[in-house]
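*Asks:* I'll drop the sequence and a predicted model, then ask my questions.
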Amino acid sequence: MTVFSTSPGTRDILAPDAARWRQFQEVFASVVQDAGYQLIIPPMFEDLGVFLRLGEATEVVTKEMYDFEDKGGRRVALRPEQTASVCRAFVEHRPTTPWKVWYSGPNFRYEKPQQGRYRQFDQVGIEVLGVDDPLLDAEVIALAATFFSRLGLKDVQLAVNSLGDDGDREKYSAALHEYFSANLFQLSEESQITLQKNPLRVLDSKRREDQVLINAAPKIRHYLSADAANHFDSVLRALDALGVKYAIDDRLVRGLDYYRRTTFEFVSTALKAAHTAIGGGGRYDGLVEHLGGPSTPGIGFALGLDRTLLACDAENVFSAPNTNVSVFVVDTTGGLHAAEVCNLLRNNAISVDRAFDNRSMKAQMKAADRSGAMIALIIGTDEVAAGHIIVRPMNSGQQYAIAQDQLVAAIRSELQK
Ligand code: AMP
């Protein structure tokens, strides 16, 4: 018999991590909903074309896409990220702007699996369409920073940069092309290929042999238009005013070909693995247009849930929430009374579990212990005869009998102690 296990780069998320996972999404939801963002749930697969619009020099698109032909002969892909889907949804539904949305869910990339890098991984993120204001850039960045600190993370560094406008990027891109071409054979083979597609992305290379050239490469800040430079300046001043700490990083270009002006990335310095980026984003003012919509500015970020939780482990913060039931019912009379009591408590929103299979008192008490419940209820033949239930607080051990019709009130007051 074949025994199956998860595919490479995928994992089962079990307790207690699964509860932590959900808590993570809930904390994120509360941070961004309190700032006026509304949940969007795009589909997990879309027409391949939606993602191809992300750009041909984007590895996520060229090498890592889970694309296939469905049974109806459509070329579709599992989403590698959600910005493209949000922009496609904007074009499809034409909501009024500013359109502020947040999302949470899995993405799929055919990457080489390793610590902090998976083929199915979760992101939470926000996107805003229709606003050009640099104060929005600062709001978006500040929300990510607020969220990280809400998790309890301290060792997080924010890098920001501006990629300028369309024309600036082209000028800078040409300057980089010229610079790298003049030193072509000092570049890794991969970067030589990247250079032909998108010279900016060479700056993204983490390969050691590329670093000397990259460090001495021309800087984008010398190629910004006055508008883009002013925009960036306003973003930085707003971040200062909000007390958000950052460092300017000239090399921060990020994956999307459509990024314009502000880009940013959060890195966990507590993570020792190869992948320390826990989130990032930027403006992508041309993307909606490329998906067939009107010219619309856009900005957003995506934070990696899996990797951010690794950062939480490294900093020893944001532990799994307690999901233990409050009450455990031990019934030695066959189990039907336990069923009734569970039903009663559940109808009164008190969490409760029980043992099955009519096991011995000892075995059921062990199960009560293991459940982590604060209270055990014990039902034996004597109790049934007297119309009582024994309430045993698990810590004090001071048990007492109570009439069934007073049970709910007794447990509520017990749980408040
Ligand atoms: P990106 O969409 O590539 O800008 O990534 C945003 C964030 O998602 C990164 O900073 C990571 O935290 C996370 N991320 C991206 N790719 C992966 C992956 N393959 N596995 C785990 N997390 C990822």
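*Replies:* Cool, got the structure.
*Asks:* run the chain-centre distance for stretch 25-45.
*Replies:* Here stretch 25-45 is found 10 Å from its chain centre; the criterion is C-alpha atoms, centre = their mean, to the nearest Å.
*Asks:* quickly check: it near the ligand or not.
*Replies:* No: on the criterion C-beta under 6 Å from any ligand atom, stretch 25-45 is out of touch with the ligand, staying 13.3 Å away. In short, each C-beta sits where N, CA and C put it, glycine included.
*Asks:* confirm that T146 sits in a helix.
*Replies:* Yes: under DSSP: H, G, I helix; E, B strand; the rest coil, T146 sits within a helix.
*Asks:* ok, how many other residues are close to the single nearest residue of the chain relative to the ligand?
*Replies:* The chain approaches the ligand most closely through G304 (2.2 Å), counting by C-beta to the nearest ligand atom. Using other C-beta atoms under 10 Å, G304 has 24 other residues around it.
*Asks:* can you give the contact residues for stretch 55-68?
*Replies:* With C-beta atoms under 8 Å, 6 or more residues apart in numbering as the test, stretch 55-68 has contacts from 48, 51-52, 54, 75-78, 80-81, 108-111, 194, 197-198, 201, 255-258.
*Asks:* mind checking which of these are buried?
*Replies:* Listed as buried from those are 48, 51-52, 54, 76-78, 80-81, 108-111, 194, 198, 201, 255-258; burial here means 16 or more other C-beta atoms under 10 Å.
*Asks:* starting at the chain centroid, how far to the lowest-mean-pLDDT helix or strand in the chain?
*Replies:* Lowest on mean pLDDT, DSSP states H and E among the helices and strands of the chain sits helix 59-62, with a mean of 78. Distance of helix 59-62 from its chain centroid, counting by C-alpha atoms, centre = their mean, is 20 Å.
*Asks:* stretch 273-290 too?
*Replies:* Between the centre of stretch 273-290 and the centre of its chain there are 13 Å (C-alpha atoms, centre = their mean).
*Asks:* what segments of the stretch 101-250 of the chain are strands?
*Replies:* Assigned by DSSP state E, counting those that start in this stretch, the strands in the stretch 101-250 of the chain fall at 120-129, 156-162, 247-248.
*Asks:* partners of the second one in the sheet?
*Replies:* Each strand that strand 156-162 pairs with, and the sense of that pairing, follows from DSSP bridges: strand 247-248 (parallel), strand 260-268 (antiparallel).
*Asks:* how about it: buried residues?
*Replies:* Across strand 156-162, burial judged by 16+ other C-beta under 10 Å covers V156, L158, A159, V160, N161, S162.
*Asks:* contacts for it?
*Replies:* By C-beta under 8 Å, 6+ apart, the surrounding residues in contact with strand 156-162 are 141, 145, 148-149, 220-221, 224, 228-229, 231-232, 235-236, 239, 244-253, 261-269, 278, 311.
*Asks:* now narrow those to whatever sits close to the ligand.
*Replies:* Restricting the contacts of strand 156-162 to those near the ligand by C-beta under 6 Å from any ligand atom leaves I278.
*Asks:* can you select the buried ones from the contacts of strand 156-162 in ChimeraX?
*Replies:* The buried subset of the contacts of strand 156-162, as determined by 16+ other C-beta under 10 Å, is captured in ChimeraX by this line:
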select :141,145,148,220,224,228,229,231,232,235,236,239,244,246,249,250,251,252,253,261,262,263,264,265,266,267,268,278,311
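*Asks:* L239 contacts Y246, doesn't it?
*Replies:* Yes: using C-beta atoms under 8 Å, L239 makes contact with Y246 at a distance of 5.7 Å.
*Asks:* list residues touching both of those two?
*Replies:* With C-beta under 8 Å, 6+ apart as the test, L239 and Y246 both reach I141, V160.
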